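Asker: give me coordinates for this.
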Amino acid sequence: MLRLPFQAQVEITDVCNLRCKHCYHFDTDNMPASNDLSDDAVLQVIRKMIDNRIYSLVITGGEPLARPKTLIRAAELAKTAGMYVSVNTNLLLLTPQIISALKESDIDSFLVSCPASEPDIYREITRLGDYDKFTQKLRMLLDANFSCLVNMVVTQTNFPLIRSTARDLKKMGVKRFSVTPACLNVEHPDLDGLLSKKQTIVLLEDLRWCADVLGLEVDTLVALPKCFFPVWWWERSSPLLKYRTCQAGRMTVNISNIGDVRPCPHNPIVYGNLFKESMESIWDKMAVYRNNGTVPGICKSCAAVESCRGACRTNAMAVTGRLDEPDRLTIGPVNFFEKKRRNVIFNENSIVNFRGKLRWRNEFDGYYSVTSKRGGGNLMVVNEEMFRFICWMEKSLPLTIKELTKNIAGDSAIKSFIRIFEAVIRKEFVSIS
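Answerer: Okay, here's the model as predicted:
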C-alpha cells in the first residue's frame, strides 16, 4: 500500500475552448466563471508534488493550452525534478511556439481528445471545435515526434464512427488509439448519451479490429468490470484486463484549479485542499478506496476482485448515488480464462541488463515503492531486502547469471533467488540476452 499517490492530475485551469456534451467535469451548457490559481500558486502545487516524491504528473484542465505559460513553467519544474509529465489536451490552441517550448521541457507524452474524424460530428459533439484545425494541430504534434495517445470518448452520437476515425488517424501517423465509453457527469448526468451493454461489447470488437487490422496499440481509459469482458479478450491476455483498473484514491489523485483534492477528475467528493493541509493527511482520508471499502458486495467473491475492485466507482455513484454499488455493466462473479505464466528461460551464461532508470520512495515500515519505467508501468512495493537487491542490480549490471549467483550456496537459497529474479524479469526491471 502506498503512503502517498503515485500520480497527481493537476488542473491548471477551468477554462476550456470547447463545450463537449460528454464532459464529465462541467455542465457545459452553463460554464462557471473561471476561478484559477495564480501562476505562482500553480507552481507551488507542483513543488508540493515534488516534495512528496510523486512519480507522475498529468497537466490537465479545462484546457491546459489556454494557459500556455503556466503549462510550460509547470512542465519544466516537474521535469527538472525527474517526474514523468504528460498533458491532456484537445490540441486546438497549440502553436509552434508552444510546441518548441514543450520540446525544450522534454514532455513525456500527450493524451489528445478526438471525438470523431467526421467534421460535422466533431463539431456537433464539441460545439465549438473545427476538425480541419484539429488535424493541423495533430500533424504539428506528430511531426515534433511527441509520444501521443489519441482518445475517442464514445456516446450515441459517434458510436458508429469508431473504425472510420481510427482509420483516418492511422493514415495521419497515429500509433496509439483509445476508445472510451462516455462516463457520466455525477452532478449533471446524461443517461441518454450512454452506450448500452450490447453497444459496449461492439465497442470492444471495434477495438480488436483496430488492433488486428490497423495495427494500432489500443486501450480504453475507463475501468470496465472484468466480468463484462468477453472470453476472447481474456484469451488475448489484453493489457486492458491486466492494467486498466480504477486507480482513483489508490494510486492517483486529482488536484483542482483551486487546490481541492479529489480521487479523480470524475469524482466530485473533495477530501481536502493542498493550501490548508498536507497531501499525506488528505491521502489518509481516501483510505476507503485502498482498503476495499468501495468494492460492491457482489464483487467480493470474484476471482478478479483485486485487479478489478468493481470497476469505476464514480460511474457507479453517478447511477446509484453510492460508491459501493455495482457498475451498471457488472455481470457478477465468474471464473476467468487466464493464460499460464510464460516460463522465464535462462542459463548461467545469460547476460542480465538493467532496464530504465530506478526511481523509488520510502513507504511504510521498511517497504519501498520502486519503478524503472518512465511512466511507472512496472511500479511495485517491495521489502527492504528486495529494495536493496534492485538497487544493487542497477549499479552492478550487466552481469551473467553465473556472476550474479556466485555467492549463493544451498538449494533453498538458489530457489529463493530464482523466485525473486523471475519477479524482476516479469516486472521488466531487467532483461536477459
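
Asker: buried stuff in stretch 162-180?
Answerer: Using 16 or more other C-beta atoms under 10 Å as the test for burial, stretch 162-180 gives 162-163, 165-166, 168-170, 174, 176-180. Where C-beta positions appear, they are placed from N, C-alpha and C, glycine not excepted.

Asker: so which of those residues are in strands?
Answerer: 176, 177, 178, 179, 180 (DSSP state E).

Asker: show the pLDDT at the last one.
Answerer: Pointing back at residue 180 there. We have a pLDDT of 95 for residue 180.

Asker: and for residue 232, nearest residue in space, chain neighbours not counted?
Answerer: residue 208 (7.5 Å; C-beta to C-beta, 6 or more residues apart in numbering).

Asker: would you confirm that that neighbour contacts residue 230?
Answerer: No. Assessed by C-beta atoms under 8 Å, residue 208 is found out of contact with residue 230, at 9.4 Å.

Asker: now do the strands in the stretch 151-300 of the chain.
Answerer: 176-181, 217-219, 252-255, 260-262, 272-273 (DSSP state E, counting those that start in this stretch).

Asker: about what we covered before: got JSON lines for the buried residues of stretch 162-180, with distance to residue 427 too?
Answerer: JSON lines is the format used below for the buried residues of stretch 162-180 (distance: C-beta to C-beta, whole Å):
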{"residue": "162", "distance to residue 427": "33"}
{"residue": "163", "distance to residue 427": "35"}
{"residue": "165", "distance to residue 427": "34"}
{"residue": "166", "distance to residue 427": "31"}
{"residue": "168", "distance to residue 427": "37"}
{"residue": "169", "distance to residue 427": "31"}
{"residue": "170", "distance to residue 427": "31"}
{"residue": "174", "distance to residue 427": "29"}
{"residue": "176", "distance to residue 427": "22"}
{"residue": "177", "distance to residue 427": "26"}
{"residue": "178", "distance to residue 427": "24"}
{"residue": "179", "distance to residue 427": "28"}
{"residue": "180", "distance to residue 427": "27"}
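
Asker: now the most centrally placed residue in the chain: closest residue in space, sequence neighbours ignored.
Answerer: The residue lying closest to the centre of the chain (C-alpha atoms, centre = their mean) is residue 221, at 7.3 Å. Nearest residue to residue 221 in three dimensions, chain neighbours excluded: residue 180, at 4.4 Å (C-beta to C-beta, 6+ apart).

Asker: measure the one you found to residue 204 for me?
Answerer: Separation of residue 180 from residue 204 (C-beta to C-beta, to the nearest Å): 12 Å.

Asker: so how many other residues sit close to residue 275?
Answerer: Residue 275 has 13 neighbours, counted by other C-beta atoms under 10 Å.

Asker: that one reaches residue 259, doesn't it?
Answerer: Yes. With contacts counted by C-beta under 8 Å, residue 275 reaches residue 259, the gap being 4.8 Å.

Asker: list residues touching both of these two?
Answerer: Residues touching both residue 275 and residue 259 (C-beta atoms under 8 Å, 6 or more residues apart in numbering) are residue 41.

Asker: would you mark the buried spots in stretch 368-382?
Answerer: Here stretch 368-382 shows 368, 369, 370, 371, 372, 373, 374, 376, 378, 379, 381, 382 as buried, counting by 16+ other C-beta under 10 Å.
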